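Trainee: Provided below are the primary sequence and the corresponding predicted coordinates.
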Amino acid sequence: MNEMNIAELLADQLEKLLSARVNAESLAILEAGGADLSLWQEIEEMGVADVMRTGDDDAGLGWQDCAELFRVLGRHAAPLPLAETLFARRLMSQANLGIPEGPLALIDPSANADIQLDGSGCLQGEAAMVSWASWATQLLGLARRGDEAFLFSVAASDVAARLEQCDSLGRAPTSAVDFSGITPLAVVAMSDASQIRSGLAVMRALMISGACDKVVELAVDYANTRKQFGKPIGKFQALQHQLAEASCRAAAAEMAGKYACRELDNNQFLAGAAVAKYTASVAAKEVSRIGHQVFGAIGITDEHELHYYTRRLWQWRAEAGNERYWSEQLGNKVLAAGSEQLWSSLTA
């Protein structure tokens with residue numbers, strides 16, 4: 001069985017599992033502070049969380065192989081940090097760090113995280129918003145000392161008393177974490193720290209594309225069943241135009257995400273991530289808007305499932321750099337290359 005078959009099989013198994021186990025009720029339980037640890041255990045037993053590890057005895061699947069896994073997680077607004085754990089275990093295996101059991105939390109460098117590594121090897125500073133910190137066995141992040149960047153891991157037990165719960169649009173477990181004076185479990189110098197932010201951006205872009213697909217699916221189904229003036233509202237051309245735009249935005253986010261996966265597999269960290277996260281963030285905004293316009297008032301009620309996806313779209317849009325941040329990165333890259341490189345960069 002080749003790598004693509006393994007990836008497709010795992011994505012299919014994950015799709016079936018989440019379809020059976022995740023619904024509006026389970027998402028409401030998560031947002032109320034509950035945790036379905038049995039779902040995490042099932043996923044661990046499937047081996048999904050380890051497929052991006054790069055050790056000699058590991059599957060070592062790349063970003064292109066695992067793109068659909070991330071999209072499935074977004075499509076179901078998965079109530080567990082599998083996406084973060086997939087990427088964190090990949091980073092740890094690449095750095096030859098010991099990988100613990102259980103879920104991992106990743107500190108988003110763009111989320112007001114200013115963490116320094118002092119001369120005694122202790123961390124100083126805090127991260128304003130860390131998703132799933134209260135679930136994690138370890139937290140993984142980026143610290144700086146002068147011009148140097150370091151990947152570090154911290155035991156969750158060492159910061160448990162310092163977690164301060166935060167409110168977020170997605171309402172998933174989110175905490176502010178003060179790392180001052182904490183000695184990390186491991187510290188590894190990074191030659192290119194941009195791979196963390198770029199990887200997080202592509203991960204979120206793929207999840208956004210999956211959630212966009214779900215919102216479009218819900219909106220199309222509702223438009224075909226909700227009747228007004230004697231016919232389904234989906235028969236009205238104005239609504240058809242809106243749904244067509246939402247479908248195009250979702251498709252663009254998917255293609256941009258998969259393009260970025262190819263770039264990451266080729267160790268090109270900036271351009272692909274910028275294109276993917278910019279495109280996906282714009283799609284998140286527009287697909288959410290159209291979805292709520294189709295549903296009207298019912299779409300914002302707690303009883304309806306739509307808001308579980310649209311709120312996460314807005315949350316993921318802001319994480320790992322929003323569209324403004326990534327458009328600036330692309331613009332700076334073009335300006336630095338000079339006008340004579342503009343056409344070739346657009347058509348490459």
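Mentor: On my side now, so go ahead. None of these values were measured; they are calculated from a predicted model.
Trainee: can you list the domain ranges for this protein.
Mentor: 1-95, 103-189, 194-337 (automatic domain parsing).
Trainee: which secondary structure elements does the helix or strand encompassing Ala284 contact?
Mentor: Counting by DSSP states H and E, the element that carries Ala284 is helix 271-295. Where contact means 3 or more CB pairs under 8 Å, 6 or more residues apart in numbering; DSSP states H and E, helix 271-295 is packed against helix 194-225, helix 237-265, helix 306-318, helix 323-337. C-beta coordinates here come from the backbone N, C-alpha and C atoms, glycine included.
Trainee: Relative to Trp343, which of the ones you listed is closest?
Mentor: helix 323-337 (10.8 Å; CB to CB).
Trainee: Name the nearest residue to Asn23, ignoring sequence neighbours.
Mentor: The shortest distance from Asn23 to any non-neighbouring residue, by CB to CB, 6 or more residues apart in numbering, is to Glu305 (7.5 Å).
Trainee: And for the one you found, the neighbour number?
Mentor: Residues lying near Glu305 (other CB atoms under 10 Å) number 16.
Trainee: list the contacts for the closest residue to Lys285 other than its chain neighbours?
Mentor: Take Lys285 and drop its neighbours on the chain: the residue closest to it by CB to CB, 6+ apart is Arg317, 6.5 Å away. Arg317 makes contact with Ile208, Ala280, Ser281, Ala284, Lys285, Glu323, according to CB atoms under 8 Å, 6 or more residues apart in numbering.
Trainee: Same list, these, but as a markdown table with neighbour count please.
Mentor: Listed next are these as a markdown table, based on neighbours: other CB atoms under 10 Å:
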| residue | neighbour count |
| --- | --- |
| Ile208 | 34 |
| Ala280 | 36 |
| Ser281 | 29 |
| Ala284 | 32 |
| Lys285 | 16 |
| Glu323 | 19 |
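Trainee: Could you save these as CSV and add columns showing distance to Arg53 and pLDDT?
Mentor: Formatted as CSV, these follow (distance: CB to CB, whole Å; pLDDT from 0 to 100):
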residue, distance to Arg53, pLDDT
Ile208, 25, 98
Ala280, 25, 98
Ser281, 29, 98
Ala284, 29, 98
Lys285, 34, 97
Glu323, 31, 95
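Trainee: about what we covered before: buried residues in the helix holding Ala284?
Mentor: For helix 271-295, a neighbour-count test (16 or more other CB atoms under 10 Å) marks 271-288, 290-292, 294-295 as buried.
Trainee: Low-confidence stretches in this protein?
Mentor: Low-confidence segments of the chain (pLDDT under 70): 1-4, 348.
Trainee: ok, back up a step: now the angle from the helix holding Ala284 to helix 323-337?
Mentor: 150 degrees (axes from the mean of the first three to the mean of the last three CA atoms, to 10 degrees).
Trainee: Helix 271-295 versus helix 194-225: what angle between them?
Mentor: Using the same axes, to 10 degrees: helix 271-295 against helix 194-225 is 20 degrees.
Trainee: Run the angle between helix 271-295 and helix 237-265 for me.
Mentor: Going by the same axes, to 10 degrees, helix 271-295 makes 160 degrees with helix 237-265.
Trainee: Next, the angle helix 306-318 makes with helix 271-295.
Mentor: 150 degrees.
Trainee: Now Val275: closest residue in space that isn't a chain neighbour?
Mentor: Nearest to Val275 is Ala256, by CB to CB, 6+ apart, at 5.3 Å.
Trainee: separation between that neighbour and Tyr278?
Mentor: Separation of Ala256 from Tyr278 (CB to CB, to the nearest Å): 8 Å.
Trainee: Could you do Leu140 as well?
Mentor: With CB to CB as the criterion, Leu140 and Tyr278 are 25 Å apart.
Trainee: what do you get for Pro100?
Mentor: Taking CB to CB, one finds Pro100 at 34 Å from Tyr278.
Trainee: what about Leu9, how many neighbours?
Mentor: Leu9 has 11 nearby residues by other CB under 10 Å.
Trainee: In what element of secondary structure is it found?
Mentor: Using DSSP H and E, Leu9 falls in helix 3-21.
Trainee: Kindly calculate the angle that the following helix or strand past that helix makes with helix 3-21.
Mentor: Downstream of helix 3-21, the first helix or strand assigned by DSSP H and E is helix 24-31. Angle of helix 24-31 versus helix 3-21, following the same axes, to 10 degrees, is 90 degrees.
Trainee: And the strands in the stretch 1-150 of the chain, which stretches?
Mentor: Under the criterion DSSP state E, counting those that start in this stretch, the stretch 1-150 of the chain contains strands at 104-106, 113-117, 123-131, 138-145, 148-155.
Trainee: Pairing partners for Ala189 in the sheet, please.
Mentor: With DSSP bridges applied, Ala189 shows beta-bridge pairing to Phe150.
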